[in-house]
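Enquirer: could you look at this predicted model? Sequence included:
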Amino acid sequence: MKQRAEAYISKQKGIGLALIAAIFDEAKKQHIDRIYAEARIIAKQFFEAKGFKLVEEQTMNFCGVEQVHLVMEKIW
């Protein structure tokens, strides 16, 4: 299952990069100096590579299944 998730993230990497670049550009235009993201744990490396830092880990329950989600932050 982990390999499938990693393959999916790698396959979709271009879309994630384009989205994050557009978000950063718009934030800078609006003089926003801090961005938060709630991410699944499998996306942690992606956000860290874009300069986000881990703020908090949250365990959430979705339909009886506990999942770890991350609150991440980028400041510039």
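Expert: Great, that's in hand.
Enquirer: just the CA coordinates of the longest helix along the chain, formatted as CSV?
Expert: Using DSSP state H, we find that the single longest helix of the chain is helix 13-29. Extracted as CSV, the C-alpha positions of helix 13-29 are listed here (Å, rounded to 0.1, in the frame of the first residue of the first chain):
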residue,chain,number,x,y,z
LYS,A,13,4.2,15.8,-8.4
GLY,A,14,3.9,18.3,-11.2
ILE,A,15,0.4,19.3,-10.2
GLY,A,16,1.4,19.7,-6.6
LEU,A,17,4.3,21.9,-7.5
ALA,A,18,2.2,24.1,-9.8
LEU,A,19,-0.5,24.5,-7.1
ILE,A,20,2.0,25.4,-4.3
ALA,A,21,3.8,27.9,-6.6
ALA,A,22,0.5,29.6,-7.5
ILE,A,23,-0.4,29.7,-3.8
PHE,A,24,3.0,31.2,-2.9
ASP,A,25,2.7,33.8,-5.7
GLU,A,26,-0.8,34.9,-4.6
ALA,A,27,0.2,35.1,-0.9
LYS,A,28,3.2,37.3,-1.7
LYS,A,29,1.0,39.6,-3.9
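Enquirer: relative to helix 13-29, how tilted is the following helix or strand past it?
Expert: Next helix or strand after helix 13-29 toward the C-terminus (DSSP states H and E): strand 34-40. Per axes from the mean of the first three to the mean of the last three CA atoms, to 10 degrees, the angle that strand 34-40 makes with helix 13-29 is 150 degrees.
Enquirer: what's strand 34-40 packed up against?
Expert: Judged by 3 or more CB pairs under 8 Å, 6 or more residues apart in numbering; DSSP states H and E, the packing partners of strand 34-40 are helix 13-29, helix 44-49, strand 65-75. For every residue, glycine as well, the C-beta is placed using N, CA and C.
Enquirer: brilliant, that's me finished.
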